[in-house]
Structure formats: structure tokens, C-alpha cells
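Q: would you be able to build a 3D model of this:
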Amino acid sequence: MYIDNMKIKKIFLDMDGCLCNFDKQYHSIAKDDVLWDRVMNSKGLISKNKMENLGIGKDDFDKTANEIRQEALNSGENIYPIIKNQFKTKLMCNPAWKLIVFAGEEFWSTMEWQPGGKELVEFVKSLNVPIEILTAGSGDSASNGKQKWLANNELGDYKFNITNIGKEKHIFADDGYLLIDDLSENIELFVEAGGLGVIHKETSQTINEINKLL
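A: Down below sits the predicted model:
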């Protein structure tokens, strides 16, 4: 497909939740007992003062932490925000990202494709407009791991852009630049900055939304 003079001048593809199955990968590390224990006993997870403020000791902390973990694993949902929010509310700490950091580069490089991800790539390629990767993740392990994933999945030739957090993606916005991302807040900021945006949930729906812009 080639559309002459179409509104879209460049497409930015998000990775986690669009191309890569972040949720499934995160679930796999959250159920890893060795990794979980390593994070729970890591220096800096929670201070002695915070425990005193909560009125609990280490045994009570571990008990509540394991309850939160099991609740998340049994939910059948995206468990990253569950772990993040429940730990902040109940235990005044946040091990959610620490799990990823401790899992290392392999967390990013070995993700499965998101269902419909390959079809999404094939569709945007058919539009014959420049395509770039625009993803988020802090630290070398995220950057290196994501670039390895792209190379391993025959997408290594696309320009790779990474921000520390998703909300910073708006700095790439410009007239006719389209961001495809699964997080609405990233899309909203990108559009406010002058770009175009499509919130990705299912590939068929995303394709329909892109077609409206052609």
C-alpha cells in the first residue's frame, strides 16, 4: 500500500505491550522464588525507619510481601501495577522495577512477541513511510536488551530511540509523526506536543484507527 500525500509522515512503534509481551515476561520473573527473595532482601528496598513507622518487623514485612505477590500472581491480570501500587500502599516501598533490574538484560531480550505484534509491523511496513522504534526503560540493561530483541526478531535495522520513562516520548512529536503505544498517557502527551497518536490494545483496532488517518 502506498498513499500519496497522506497525513502520516513517520511512525514510532512502542515495544512493550505493542511488539513485546511485557506482561507475560513480568509474570515469569515475579513467580521466580530465587529472584523474588533476592529482591526482598536487597539493600535499600525498605529502611529500618520505614518499618518502624509501619509498626512491623522483618517477619511481618515478609508475610505481607508474600501475600501481595500471591494476590498479584493469582489475579490473571497485568501484575506490574498491582505489585507497584500494593507495596507502596501497604509497605511504603516499591520492588516492582527492582525485579526487572535484578532479572537483567535477558528480561528484555527474551520476551515473546505480543499477540498481533508481527501483524502490526507488517501493516505499518506496507504504508511505505519511515518507521522508528520509540520505547522506554532506564539503564543499560533495558537499552541493550531491547536492541538485542529487535536484532533477534529482524527489526534491528530500524532506528532505535529510548526514553527513561514513557511520558518523555512527547519530545519526538512533530506534525505528521504518529506514535503507536499501549499507554494512553503517553499518547495524550504526544498529541498535545503536536503529533498523532493511536492507543494500541488489539492489532485489528489499531489498524482501523491508522486507516482513519490515511
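Q: can I get the lowest-mean-pLDDT helix or strand in the chain in CSV, CA atoms only?
A: Lowest on mean pLDDT, DSSP states H and E among the helices and strands of the chain sits helix 48-54, with a mean of 90. C-alpha atoms of helix 48-54 as CSV (Å, rounded to 0.1, in the frame of the first residue of the first chain):
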residue,chain,number,x,y,z
LYS,A,48,14.6,0.4,59.2
ASN,A,49,12.8,3.8,59.8
LYS,A,50,10.0,2.9,57.4
MET,A,51,9.5,-0.4,59.1
GLU,A,52,9.3,1.3,62.5
ASN,A,53,6.8,3.8,61.0
LEU,A,54,4.7,0.9,59.8
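Q: report how many residues lie close to residue 98.
A: For residue 98, the neighbour count with other C-beta atoms under 10 Å is 17. Backbone N, C-alpha and C define where each C-beta goes, glycine included.
Q: what strand or helix carries it?
A: In the assignment (DSSP states H and E), residue 98 maps to helix 96-103.
Q: per-residue pLDDT, residue 3?
A: For residue 3, the model assigns a pLDDT of 36.
Q: could you identify the helix or strand that succeeds the helix holding residue 98?
A: Helix 96-103 is succeeded, C-terminally, by helix 105-109 (DSSP H and E).
Q: so where's this protein uncertain?
A: For the chain, the stretches with pLDDT under 70 are 1-6.
Q: quick one, strands of it?
A: With strands called from DSSP state E, the chain shows them at 10-13, 131-136, 159-163, 177-181, 196-199.
Q: which parts of this structure are helices?
A: Residue ranges of the helices in the chain, as given by DSSP state H, are 22-30, 33-40, 48-54, 58-75, 80-91, 96-103, 105-109, 117-126, 140-152, 184-192, 203-213.
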